[in-house]
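>>> can you look at this prediction? I've put the sequence above it.
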Amino acid sequence: MVYPLLAARACRKVDCIYVSPDAEKIKAIAKEHGARIIDRPKHLATKEALGEDVFAHGCQVIRDELRASRDTIELLVLLFCNAATVTAELLDQGIDILRANPNYDSAVSVSIYNMWSPLRARRVGEEGLLQPFVPFETFGDPRTLNCDRDSQGNVYFADMSVSVVRPCCIDNLRDGLLPQRWMGQRIYPLVQWGGCDVDYEWQVPGVEYWLRKHGFTEERTPYDR
């Protein structure tokens, strides 16, 4: 969780950093890095709680805090505790894109993962055998499809490293594009490589490789200079 905090601290366009923790250890690390704490309700600190509801709660807390000074939220830079593949430069890029394009709802980090094309996705059918997860006709004429993973064009996945969003996207979650409804409808892609939020132990070596390629070592970060 320190990597997204470092990126936020190094981004000159981020005015204030908040952390909504669901564990005391997370709260302690957040305070060490100068973040303000949002006290998350217990019903939003369960495995079943949705991130979008946590964002909505946090947004309201920040608004209440700013009301006294009559300040408003221009943009929200949403970061995840388990998503280390993010840099201050990427945050800057997302903020600049939204400031230059008022008709965009959000700018989110994406990585190209053609090996996980929906064309290759399968589900286990009633007979216990593999069936296409999505009907092949969804992709056009099945006769034009083949086993080349790049043949259908690049497949962009929101890698969850960062979502820079307008507050209205949080206010109108029902209007957002599934499954990450906080991104709104008009979503600009911040293309990087190797981004991911870590859910499984096997992902850790890949994230370590990404960090080293982006200037992180055991002793230094790219922000030290």
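Looks like it arrived, so ask away. Residues are numbered from 1 along each chain as shown.

>>> care to break this protein down by domain?
According to automatic domain parsing, the chain comprises the domains 2-110+161-213, 114-154.

>>> how far off centre is the longest helix seen in the chain?
Ranked by residue count and defined by DSSP state H, the top helix of the chain is helix 51-67. Computed by C-alpha atoms, centre = their mean, to the nearest Å, the chain-centroid distance of helix 51-67 equals 17 Å.

>>> for the next helix or strand after that helix, packing partners?
Going down the chain from helix 51-67, the next helix or strand is strand 76-78, by DSSP states H and E. In this structure, strand 76-78 packs against helix 51-67, helix 88-100, strand 156-165, with contacts taken as 3 or more C-beta pairs under 8 Å, 6 or more residues apart in numbering; DSSP states H and E. In short, each C-beta sits where N, CA and C put it, glycine included.

>>> now strand 76-78, how far from the centre of its chain.
Distance, centroid of strand 76-78 to centroid of chain: 9 Å (C-alpha atoms, centre = their mean).

>>> cool, and stretch 196-204?
On the basis of C-alpha atoms, centre = their mean, stretch 196-204 sits 14 Å off its chain's mean C-alpha point.

>>> same thing with stretch 102-109?
Worked out by C-alpha atoms, centre = their mean, stretch 102-109 lies 13 Å from the chain centre.

>>> what about it, average pLDDT?
Stretch 102-109 carries an average pLDDT of 98.

>>> mind checking the end-to-end distance for that stretch?
Distance between the boundary residues of stretch 102-109 (C-alpha to C-alpha, to the nearest Å) amounts to 18 Å.

>>> 49 is where my numbering starts, stick with that
Sure, I'll start counting at 49 from here, so that last one is stretch 150-157.

>>> show me the helices in the chain, by range?
Using DSSP H, the helices found in the chain span residues 50-58, 72-80, 99-115, 136-148, 215-219, 252-261.
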